[in-house]
Structure formats: C-alpha cells, structure tokens
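Visitor: quick check, what structure comes out for this input:
(one chain, ligands or ions: 2)
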Amino acid sequence: MPVLPATDETIAHAAEALAAGGLVAFPTETVYGLGADAREAKAVAKIFAAKERPQFNPLIVHVPDLATAETLAAFGDEARTLAAAFWPGPLTIVAPKRPHCGIADLVTAGLGTIALRVPGHPVARALLERARLPIAAPSANRSGRISPTEAAHVAADLGDIPDVIMDGGPCERGLESTVVSVVGDTPMLLRLGAVPRSEIEAVLGHPIVLAAKDAPIASPGQLERHYAPQTPVRLNATRVEPDEALLAFGTNAPNGAVTTLNLSAKGDLTEAATRLFAALRTLDESGACAIAVMPIPDEGLGEAINDRLRRAAKAR
Ligand code: TXA
Ligand code: MG
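Guide: Ligands and ions are numbered 1, 2, ... in the order given. Here you go, the predicted structure:
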C-alpha cells in the first residue's frame, strides 16, 4: 500500500513522483485529491484512467498563490476580490484561460476557461511549494463514488494506483470546494460546496445565482448521480424501518435502525459537513437495505450538504 504519513520526506518523495509524471493522492481541507502535473497530458491522462472518469469532465488546477493563478487565467476585479477573501481556502474560481499558459488541453477538456484553486491545507501547500508545478487534481475516488475525506478511503477506492497516498488525517471541511465562474458579466455559482453561498454574496455585495443544470456555462462535471453509495438512499426520513441504517441530524433521531450515525447531535452544519462522506461510506458498508437520511436545514452549508445527498439518492 502506498499510504504514507505526510512527513517532509514523503512530501519530497511525492513532489518527485509528480515531476516524473506520476500520480499523488494528497489531503486538502475539502477532500483528498488525486494529483498530476497539469502541464503533462500523459500524466493527466492517468488521472482519468484511475478514476474511470468520462473525459469531458475538466479538472481543477491547484496553485500556490494568486500570482501564479493570474499567469494561467485572466482575473477581473470580482475574481480578485473573491481570491483575496477566500484563498487559500475551499473556493475554486473558473476564469478565462490565458492562451499558451502551458496547461494540458486535457485538463480543461478543451474549454477556453480554467478552474483554479489555492488550497489551504498545509500538506497541499507544502506539496505545491516543493513540486513547483501546477497540480491538476479531482477528488481521489473512482468516478461516481463518494469523495474521500480520509487516506483510507483513497486506498479503498484506488488501491495502489497512485504512486503515493499522503495521509494528512481527516479533511477539516469534508465537502468539495465551492465553484464560482467569473467568465460572464456577473459571477455564477457552478457548484455548491464548502464556502456557503451567503459568504460569497457578502464579499461580492450582491446575490449570486446557481447555474441551471442545462446552462451552457454549467460545471460540466456536475453529473446528476455523483456521490452514490451502493445502498439506496432515502431522504427526509422522520422514521426508520428495522432493516434501514439511519443518517441522523440533531436531537430527534428515531430509534430502531440497524445502525445510526449522527452527523451532528447538536445540529451544527459545519460538523455535519465534515462527517458526511465518511458517514455515508460507513453506512454503505453496514449491510442495511437502505440509508434513511433525516431532514437537514437548507441554510448555510446545509445547501451543499443537501445537494450531495440528493445526488446520492438519485436512482441508478
Ligand atoms: O474540493 C475540491 O474542489 C477537490 C479538491 C481535490 O481540490 N477537487 C474536486 O475536483 O472536487 P473535481 O474534479 O471532483 O471537481 C471539479 C469541478 C467539476 O464540477 C468540474 O466540472 C468543475 O470543477 N470545472 C473544472 N473546470 C471547469 C471549467 N473550465 N468550467 C466549468 N467547470 C469546471
Ligand atoms: Mg469529485
């Protein structure tokens, strides 16, 4: 198994693996990423092969800072405002790609735009600093599976496909980054995520809308059935059947489930976000015939949590 604690030595080894065209799984504050040198089409192709991912799905490029981001994309005032407020951190900005920026076309799926993120996790930052190359990285799971928030999840999904899996402990946020496009006249939300919509609106000083699923600008990777456990998921459950597992939230959890996991007994949405994907994985392995999910308030981070749960519940 290539799982190694994220020491300085491992980071140096991982940086070498990236420079040699290899794949490195690394922790970020959102979820674990599966990284490759974004300038090398051959290396990036390995990501798609590992994930068994449809090739039209463009990847986020991780960079150490705003200055590096601006060498790859054209940032206007609102993009800079967002970067200043949220980087390093769990926000991805989609902006017009600079021609000849050196990023492999496979990363952007041939689009004229590029998704950029400056991660806040110290291990991700150390890797970027050491490797000195832009890192293309989707979540380190097989396509259609639940995103990994622990190194063990990556190992369970990808085995020894990555050259290194760096273990930096459980991810602090537990939800993927929020994706905002600054390509059009006004910024658009392409994916709900770890930065709540209200925080983005507060920084911009105006409301921001979520791009419609079929809008031409919409995030091409937003496949409907995305965060799917093998076990069927039943939403807004206020009671459980005896053969069901329960994903609870708050104090009023009904009794009688095969297994119950509470996302946050005190009803804290931040805590719930952190635990969501690991809890879905655990309940998926419980042998229950379905996962019943209690209602989650649709405010703040609850909006992104409910988005992931709806996708998990989509019939296959
Ligand atoms: O938190 C995260 O964002 C994690 C960590 C590893 O950074 N990464 C992640 O990557 O979630 P991925 O590949 O699973 O999701 C990338 C999202 C997809 O929804 C994709 O469609 C969108 O970003 N995206 C990437 N490039 C885009 C572009 N040029 N235009 C529109 N959407 C884009
Ligand atoms: Mg993903």
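
Visitor: please count neighbours and contacts with C-alpha atoms only from this point.
Guide: Fine.

Visitor: now do the same for the residue nearest to Arg142 when sequence neighbours are not counted: its pLDDT.
Guide: Residue nearest to Arg142 in three dimensions, not counting chain neighbours: Lys51, with 4.3 Å by Cα to Cα, 6 or more residues apart in numbering. Reported pLDDT at Lys51 in the predicted model: 92.

Visitor: and Gly300, by the same measure?
Guide: Reading off the per-residue confidence, Gly300 sits at a pLDDT of 96.

Visitor: give the burial count for it, as a bare number.
Guide: 16 (other Cα atoms under 10 Å).

Visitor: pretty sure it is touching Leu192, no?
Guide: No - assessed by Cα atoms under 8 Å, Gly300 is found out of contact with Leu192, at 10.4 Å.

Visitor: flag every buried residue along the host helix or strand of Ile200.
Guide: Counting by DSSP states H and E, the secondary-structure element that holds Ile200 is helix 197-204. Residues of helix 197-204 classed as buried: 197, 200, 204 (neighbour count, 16 or more other Cα atoms under 10 Å).

Visitor: could you dump those to a markdown table with pLDDT?
Guide: Putting these into a markdown table (pLDDT from 0 to 100) gives the following:
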| residue | pLDDT |
| --- | --- |
| Arg197 | 97 |
| Ile200 | 98 |
| Leu204 | 98 |
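
Visitor: would CSV of those residues with distance to Asp243 be doable?
Guide: Listed next are those as CSV, based on distance: Cα to Cα, whole Å:
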residue, distance to Asp243
Arg197, 37
Ile200, 41
Leu204, 47
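
Visitor: how about the residues you listed in CSV, adding distance to ligand 1?
Guide: Converted to CSV, the buried residues of helix 197-204 look like this (distance: Cα to the nearest ligand atom, whole Å):
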residue, distance to ligand 1
Arg197, 15
Ile200, 16
Leu204, 20
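
Visitor: can you show me the strands along the stretch 101-250 of the chain?
Guide: Secondary structure of the stretch 101-250 of the chain by DSSP state E, counting those that start in this stretch: the strands cover 113-117, 135-136, 164-167, 178-181, 188-191, 233-234, 244-248.

Visitor: so which elements touch the second one?
Guide: Using 3 or more Cα pairs under 8 Å, 6 or more residues apart in numbering; DSSP states H and E as the contact test, the elements touching strand 135-136 are strand 33-37, strand 60-62.

Visitor: kindly report the same for the fifth one.
Guide: Under the contact definition 3+ Cα pairs under 8 Å, 6+ apart, strand 188-191 sits against strand 178-181.

Visitor: ok, the strand it packs on: who's next to it in the sheet?
Guide: Strand pairing for strand 178-181, determined by DSSP bridges: strand 91-96 (parallel), strand 188-191 (antiparallel).

Visitor: average model confidence for the first one?
Guide: Per-residue pLDDT values over strand 91-96 give a mean of 98.

Visitor: ok, back up a step: and the residue nearest to Arg142, how many neighbours?
Guide: As a burial measure, Lys51 scores 20 neighbours (other Cα under 10 Å).

Visitor: one step back: and the strands paired with strand 178-181 as a markdown table, adding mean neighbour count?
Guide: Putting those into a markdown table (neighbours: other Cα atoms under 10 Å) gives the following:
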| stretch | mean neighbour count |
| --- | --- |
| strand 91-96 | 26 |
| strand 188-191 | 23 |
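
Visitor: need those strands in CSV with distance to ligand 1, can you?
Guide: Output for these, formatted as CSV (distance: least, Cα to the nearest ligand atom, whole Å):
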stretch, distance to ligand 1
strand 91-96, 6
strand 188-191, 6
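
Visitor: can you put those in CSV and add distance to Thr81?
Guide: What follows is the strands paired with strand 178-181, written out as CSV (distance: least, Cα to Cα, whole Å):
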stretch, distance to Thr81
strand 91-96, 11
strand 188-191, 14
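
Visitor: what segments of the stretch 51-200 of the chain are helices?
Guide: 66-72, 77-86, 122-131, 151-158, 197-204 (DSSP state H, counting those that start in this stretch).

Visitor: right, and Ala136 touches Thr108 too?
Guide: No - counting by Cα under 8 Å, Thr108 is not a contact partner of Ala136; they are 9.7 Å apart.

Visitor: what helices or strands is the host helix or strand of Ala15 leaning on?
Guide: For Ala15, the host element (DSSP H and E) is helix 8-19. In this structure, helix 8-19 makes packing contacts with strand 24-26, strand 33-37, helix 122-131, strand 164-167, judged by 3+ Cα pairs under 8 Å, 6+ apart.
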